[in-house]
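1. Prediction below, plus the sequence it came from.
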Amino acid sequence: MNVVGTRKLTPRWARMNAFIGGFVWVLLFLVSVGDSPETGLIQRIFILGVLVIVPLGLSLVPAGLPLDLDDWFYRSALLVQPFAAACVVVSFLFEPGRVSGALALPWWLLTILIAIFGFSRLRHPALRTTAEISVSAGLVYLPIAGFWLVVSRLGIQLLGFGDTIILLTSVHFTFAAYSAPILAGLTGRRLIQLGKSDTVFQFVPFGIILGMPMVAAGITFSPLAALIGAVVLSLSLVLLAIFVIGWVLPRVSSVAARLLLSLSSFSGAAAMVLACVYAYSIVTRTLLIDIPQMAMTHGLINAFGFVLCGMLAWTISD
């Protein structure tokens, strides 16, 4: 693909795809999917990530530097994203199997392309600040979500996990692992513009980046590690909320953006409290909250409150 031939593929293109995807998602919400209300909800949340969250995140990645917009991997990802997202939506119309898995494969390939773009950003010294490393980390984590989506749509119970846990893993790496580092990076950029030191702030993105694999590895191998990872993530998101509310929010002129940033900040902290409760219940083998309840509480608060509101806020903020 020639980069010159994709000059129109800019962040505005990604935002347009996200808003079209949002309209499509609203229509799809009326379609019955999943074998149970919980499964249907999880699938709808994941489709929201595919149609809206991923393209919104891509639209926010460029830091205004020509080297970002000239990147072949970035423009290619913008071109492929609508097609790959459509394949994902169609895959959920089929029962898990070869056809459904094959339809999910383009999305996984797209996420790999996005991750390569994330790595490519690190070549440039100007994009090696704490904020930009955080943004790149979100891009690099995304193929894990793509992999588990393919596993889910193939109907393979990898590592002994059930269908629900496998799909939730894909949701987790789409909303938490992809979106949280990007939102933290955007906050870091604004703090730099305000002339604030990132000495304390740097604990936020690194806590998020390190907490994600700890939670994932802990669920697979050690509940205690999952609890520690959840606590690290929670502290990081609470600290992020403090930076947003204390320094960023007062300097945002848009009322809508201020409202969305406030909702995002409080939602992120609330969602992680529930995550800690769930991790604690696994460690102590005490049923405080189960998977369906997590999907209805943590999942909704994280997806719509923290991630969607945060992405929209930074999209419209000045």
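-> Structure received.
2. Tell me how many other residues surround L142.
-> 27 (other CB atoms under 10 Å). All C-beta spots, glycine's among them, are computed from the backbone N, C-alpha and C.
3. how far out from the middle of the chain is the host helix or strand of it?
-> Following DSSP states H and E, one finds L142 within helix 130-154. In terms of CA atoms, centre = their mean, to the nearest Å, the centre of helix 130-154 is found 8 Å from the chain centre.
4. Setting aside sequence neighbours, what's the nearest residue to L113?
-> A77 (5.0 Å; CB to CB, 6 or more residues apart in numbering).
5. okay, and for the stretch 201-318 of the chain, where does confidence drop off?
-> 219-220, 318 (pLDDT under 70).
6. helix or strand right after the helix holding L142?
-> Downstream of helix 130-154, the first helix or strand assigned by DSSP H and E is helix 163-193.
7. ok so, going back, which ones are touching the residue nearest to L113?
-> The contact partners of A77, taken as CB atoms under 8 Å, 6 or more residues apart in numbering, are L58, L110, L113, I114, F117.
8. can you list those residues in JSON lines and add neighbour count?
-> Formatted as JSON lines, the contacts of A77 follow (neighbours: other CB atoms under 10 Å):
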{"residue": "L58", "neighbour count": "23"}
{"residue": "L110", "neighbour count": "25"}
{"residue": "L113", "neighbour count": "23"}
{"residue": "I114", "neighbour count": "28"}
{"residue": "F117", "neighbour count": "22"}
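9. In three-state terms, label F201 for me.
-> coil (DSSP: H, G, I helix; E, B strand; the rest coil).
10. ah, wrong one, I meant F94
-> coil.
11. So what's the residue count around it?
-> Quick note: F94 (other CB under 10 Å) scores 14 neighbours.
12. From T111, how far out is it?
-> From F94 across to T111, the span is 21 Å (CB to CB, to the nearest Å).
13. for I245, same thing?
-> 32 Å.
14. Give me the more crowded residue out of these two.
-> T111 (27 against 15).
15. Contacts only, for that one.
-> Contacts of T111 (CB under 8 Å, 6+ apart): L142, P143, A145, G146.
16. any idea how far it is from I45?
-> 17 Å.
17. got it, and A256?
-> Taken as CB to CB, the span from A256 to I45 is 23 Å.
18. Which one of the two is surrounded by more residues?
-> Under the criterion of other CB under 10 Å, the comparison of A256 against I45 puts I45 first, with 22 against 12.
19. Could you tell me the per-residue confidence at the more buried one?
-> pLDDT, I45: 93.
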